[in-house]
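Participant: predicted model, plus sequence, below.
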Amino acid sequence: MQEAVPRLLIAGTNSGCGKTTVTCAILQALVNAGVPVAAAKCGPDYIDPMYHREIIGAKSSNLDPFFFDDDTLRFLLAQNGARKDVTVIEGVMGYYDGIGLDSSRAGTFEVAQRTESPVVLVLNAKGAGLSALAVLDGFLHFATENRIRGVILNGCTAMSYPTLARAIEERFGIHACGFLPQLPDCSLESRHLGLITAAEVDDLKEKMQRLAAKARETIDLDALLQIAKSAPPLTFTPPDIPAAGEHVRIGVARDRAFCFYYEDSLELLRRLGAELVPFSPLSDERLPEDLHGLYLGGGYPELYAERLEANAAMRASIRAAVERGLPCVAECGGFMYLTQSIAGHAMAGVLSGSCFDAGKLTRFGYATLTAQRDSMLFAAGEQIPAHEFHRWDAENPGEDFLAEKPSGRSWRCAYAGETLYAGYPHFHFYADIGVAERFVAACRKEKHRHERTDETDGN
C-alpha cells in the first residue's frame with residue numbers, strides 16, 4: 001500500500017550538537033501554530049520520545065533500522081503520521097554514525113534512506129564562521145544521495161546568520177532554514193544514560209515555550225513544512241496483526257523509576273486485546289486487582305532504590321505474583337527490581353544475586369538474542385534483535401539467551417521460563433509480533449486458571 005506522509009528528519013553533525021533542543025523547539029512552535037504534528041525518534045532511545053510526547057500530547061514512535069525490516073519501519077512511520085500535516089523525526093548521534101566507527105548501519109542515515117525522508121541538518125555554529133560551511137560541505141559530499149535539503153545553525157548569533165545563510169544557499173543550493181541562538185535557561189540536563197527524563201524537569205513546559213517563541217523568530221517553519229511536503233509517499237506492506245482476542249489485564253509499572261517503554265509495543269498489546277493497567281512500585285501498596293500479566297519496563301530503579309526498598313508491601317506483592325506464575329516481562333530496570341537487591345537495598349527477591357554500579361556502560365549496544373530453551377515468549381533457537389544500555393550490572397544476569405553483537409562479541413544473558421522473561425536486553429514487540437501474541441496468550445491462560453480456581457473455591 002501507499003501513504004502520503006509529509007515528513008522531515010532532523011539530523012545532527014554529532015551527538016551534543018543540539019538536535020534534541022532544536023527538534024523540541026520546532027515541535028512546540030508547530031503545535032503552538034496549530035499544525036497537526038507527529039514525532040518519531042531514530043534508534044532505540046526512550047528518553048527523547050518522552051520529550052516529544054510532552055510537547056505534542058501524543059506518543060512518539062521509535063524508528064529503529066536494527067529492529068525492523070523496511071515494511072515495518074515504513075508502516076510505523078505511516079501509522080503514527082496518519083492525518084498529520086508533518087512528522088518530525090529526530091535523528092540519533094551524528095548523521096552518518098552507525099554501528100561501529102566505520103559504518104552507518106542502523107543509524108540516522110539508514111533511516112533516511114529506508115524511509116526516503118528529506119533531511120535538515122543541525123550544525124553547531126557557535127564560535128564558527130566560514131568553518132561552519134566547511135563542515136556542511138563535508139556532510140553534503142560524503143554520500144552521493146545524502147537527502148540533506150536544509151540546515152539549521154545552532155548556537156549561531158543573529159549578527160552572523162544572514163551572511164552564513166546567503167553563503168549556504170549560494171554555494172550549496174539547499175535551504176538555510178534558520179538558527180537557534182544559545183539559550184542557557186532552556187538547556188536540558190543529562191546523566192549517565194543521556195538526558196534526564198521529561199517527568200523530572202519541573203519547568204519543562206516553560207522551557208519549551210521559551211524555545212518555541214525563539215524558534216518562531218529565528219527558524220523558517222514554512223521552509224521546513226515545504227521540505228516535509230517534498231517527501232515521496234511511503235510504500236509498504238502492513239504487518240499481519242491478529243484481531244483482538246479475549247480481554248486480559250496487564251499491569252504496567254509506570255513511575256519515575258520505571259518509565260522506559262516503546263509506545264508502539266504497548267499499543268500492539270492493546271491491539272491484541274490487552275488492557276494496560278498502570279501502577280507505581282514507588283507509591284502503590286500492592287498490585288492492581290485481577291491482573292493476568294505484568295510488564296516491568298526499564299528506567300532508573302537505582303536512583304530510587306531506598307524508596308523501592310521502603311515499599312515492602314509492593315515488593316512482597318510482586319514477588320508473590322511472579323512466584324505463583326503470573327506471566328511477567330521484566331526488562332533492564334524491571335529485571336533489576338526482581339533481583340535480591342540494588343546497591344544493598346532489598347528488592348523483590350524473585351531472582352538470585354544483587355545489582356551493583358559497574359562504573360561504566362556495560363555490554364551496551366545492539367545485539368541479537370538467540371533463545372537457548374523453550375519459554376513463554378520464545379522457542380529454543382528463535383532470535384530477536386535487542387538493545388542493552390546500562391551501567392549497573394547484576395551478579396547473575398541470566399543464562400537462557402545468547403546475545404551476539406554485530407562485531408561478533410557474545411555473552412549469555414536473561415532468564416526465560418514458562419511465565420517469565422527477565423533480563424537486561426530490551427526488545428520491541430514489532431520486531432516479532434509473535435512474541436507479543438505469546439505474551440498475551442500466556443496472560444489469557446492465566447486468566448482461565450484464575451477462573452477455574454474461583455470455581456473450585458466456590459466463588
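Facilitator: It's in. Numbering: from 1, shown residues only.

Participant: show me the strands in the stretch 351-459 of the chain, by range?
Facilitator: For the stretch 351-459 of the chain, the strands defined by DSSP state E, counting those that start in this stretch occupy 354-357, 365-371, 383-388, 392-394, 401-404, 410-413, 415-416, 420-423.

Participant: residue boundaries of the helices in the chain?
Facilitator: For the chain, helices defined by DSSP state H occupy the ranges 19-32, 47-56, 70-81, 108-115, 130-142, 161-172, 204-218, 221-229, 263-271, 305-310, 312-323, 333-338, 433-456.

Participant: closest one to Leu326 among the strands of the stretch 351-459 of the chain?
Facilitator: Of all these, it is strand 420-423 that lies closest to Leu326, at 9.2 Å by CB to CB. C-beta coordinates here come from the backbone N, C-alpha and C atoms, glycine included.

Participant: hang on, the earlier thing: most tightly packed of the helices of the chain?
Facilitator: helix 333-338 (a mean of 28; mean count of other CB atoms under 10 Å).

Participant: mean confidence score for that helix?
Facilitator: The average pLDDT for helix 333-338 rounds to 98.

Participant: contacts for that helix, please.
Facilitator: Here helix 333-338 makes contact (CB atoms under 8 Å, 6 or more residues apart in numbering) with 253, 257-258, 260, 281, 295-302, 308, 318, 322, 328, 330, 342, 347-351, 355, 392, 394, 414-415, 422-424.

Participant: ok now stretch 397-414, how far from the chain's centre?
Facilitator: Put simply, stretch 397-414 sits 21 Å off its chain's centre (CA atoms, centre = their mean, to the nearest Å).

Participant: let me see the domain layout of this protein.
Facilitator: 2-235, 248-455 (automatic domain parsing).

Participant: is it true that Ser410 touches Phe401?
Facilitator: No - Ser410 is not in contact with Phe401 according to CB atoms under 8 Å; the separation is 10.3 Å.

Participant: surely Arg105 touches Ser407?
Facilitator: No - the pair Arg105 / Ser407 is not scored as a contact, 11.5 Å apart, by CB under 8 Å.

Participant: which one of the two has more residues nearby?
Facilitator: With neighbours defined as other CB atoms under 10 Å, Arg105 and Ser407 compare such that Arg105 has more, 15 against 11.

Participant: sorry, back to before: so which of the domains of the chain gets nearest Ile241?
Facilitator: The nearest among the domains of the chain, by CB to CB, is domain 248-455 at 5.9 Å.

Participant: that older thread, can you redo the domains of the chain as CSV with distance to Pro242?
Facilitator: Putting the domains of the chain into CSV (distance: least, CB to CB, whole Å) gives the following:
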stretch, distance to Pro242
domain 2-235, 16
domain 248-455, 6
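
Participant: weakest of the ones you listed in terms of mean pLDDT?
Facilitator: Note on the domains of the chain: domain 2-235 shows the lowest mean pLDDT, a mean of 92.

Participant: can you give me the end-to-end span of that domain?
Facilitator: Length of domain 2-235, first residue to last, CA to CA, to the nearest Å: 4 Å.

Participant: and that domain, how far from the chain's centre?
Facilitator: Using CA atoms, centre = their mean, the offset of domain 2-235 from its chain centre is 16 Å.

Participant: equivalent analysis for stretch 421-439, please.
Facilitator: For stretch 421-439, the distance to the chain centre is 14 Å (CA atoms, centre = their mean).

Participant: so who does the nearest residue to Trp411 once chain neighbours are set aside touch?
Facilitator: What sits nearest to Trp411 in space, not counting adjacent residues and going by CB to CB, 6 or more residues apart in numbering, is Ala403, at 5.5 Å. If a contact means CB under 8 Å, 6+ apart, then Ala403 has 363, 367-369, 386, 388, 410-413, 425 as its contacts.

Participant: closest to Lys229 among those residues?
Facilitator: Ala386 (36.1 Å).

Participant: and the residue lying closest to the closest one once chain neighbours are set aside, how far is that from Asp48?
Facilitator: Among residues not flanking Ala386 along the chain, Pro425 sits closest, at 3.9 Å (CB to CB, 6+ apart). Separation of Pro425 from Asp48 (CB to CB, to the nearest Å) stands at 20 Å.

Participant: quick check on the residue nearest to Ala386: phi, psi?
Facilitator: phi -60, psi 140 (degrees, to the nearest 10).

Participant: thinking again about what came up before, turn the helices of the chain into JSON lines, columns for distance to Leu291.
Facilitator: Formatted as JSON lines, those follow (distance: least, CB to CB, whole Å):
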{"stretch": "helix 19-32", "distance to Leu291": "35"}
{"stretch": "helix 47-56", "distance to Leu291": "25"}
{"stretch": "helix 70-81", "distance to Leu291": "28"}
{"stretch": "helix 108-115", "distance to Leu291": "36"}
{"stretch": "helix 130-142", "distance to Leu291": "50"}
{"stretch": "helix 161-172", "distance to Leu291": "56"}
{"stretch": "helix 204-218", "distance to Leu291": "32"}
{"stretch": "helix 221-229", "distance to Leu291": "42"}
{"stretch": "helix 263-271", "distance to Leu291": "13"}
{"stretch": "helix 305-310", "distance to Leu291": "19"}
{"stretch": "helix 312-323", "distance to Leu291": "7"}
{"stretch": "helix 333-338", "distance to Leu291": "15"}
{"stretch": "helix 433-456", "distance to Leu291": "9"}
